[in-house]
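Undergrad: This is a predicted model, with the sequence first.
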Amino acid sequence: METNAAATNANAGHCITSFSDEGSVESSRYFHARRTVLEMLHDRGYDVPETELTRSLAEFRSVYGQIPNAENLRISVSLRSDPSKMVLVFFMGPVDVIRKETLKTIQDQIPDKGRLNSLLLIVQSKMTSYVKKALESFPYKVEIIEPKYEILTNDEKQALLTKHKLEGKQPVLSLKN
């Protein structure tokens, strides 16, 4: 029988995929990334529908499929305190490099630029220096989020639970950006 420390060390090198269910790993990753972004937006005061916050992985897969199209995962919500301001979230699917053409496509897909307060780009790839520079000149705040999941050790889990005054009922994953 392994000790807790030995079990933790054995699991430390494993990817999140070893803790996933029978569905596709890709849908599980998108589900967790999207849910984390929705919770973050809710915490920042955006009007995120409760149905989005409580959607299960099975429900997510029934809506978006086992291999979700990143374009369909887009989020657009308004600020609760000022509905004239909105945030738009784009999930950038896996590509080699995010280039100028991708940036142009994003700009063309922004429905109401006058109301846009913030743009969040969830990226899995590197960006060219041109794209990084161009994003700085946008007339609204642009945030780049590069999700990285990691399995926490028991000590890290306990520290996180204590910090946020939570109780641990299941494995805790940390989304680092």
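TA: Alright, I've got the coordinates.
Undergrad: Buried residues of the helix ranked longest in the chain, list them for me.
TA: Counting by DSSP state H, the longest helix found in the chain is helix 25-43. For helix 25-43, a neighbour-count test (16 or more other CB atoms under 10 Å) marks 27-38, 40-42 as buried. Every C-beta, even on glycine, is put in place using the N, C-alpha and C of the backbone.
Undergrad: so after that helix, what's the next helix or strand?
TA: Along the chain past helix 25-43, the next helix or strand (assigned with DSSP states H and E) turns out to be helix 50-54.
Undergrad: which non-adjacent residue is nearest the spatially most central residue of the chain?
TA: Against the mean C-alpha coordinate of the chain, by CA atoms, centre = their mean, the closest residue is Ala33 at 3.0 Å. Once its chain neighbours are removed from consideration, Ala33 has its nearest residue in Pro147; the separation is 4.9 Å (CB to CB, 6 or more residues apart in numbering).
Undergrad: Angles on the backbone of that neighbour, please.
TA: phi -70, psi 140 (degrees, to the nearest 10).
Undergrad: my guess is it meets Ile122, correct?
TA: Yes - taking contact to mean CB atoms under 8 Å, the distance of 6.6 Å between Pro147 and Ile122 places them in contact.
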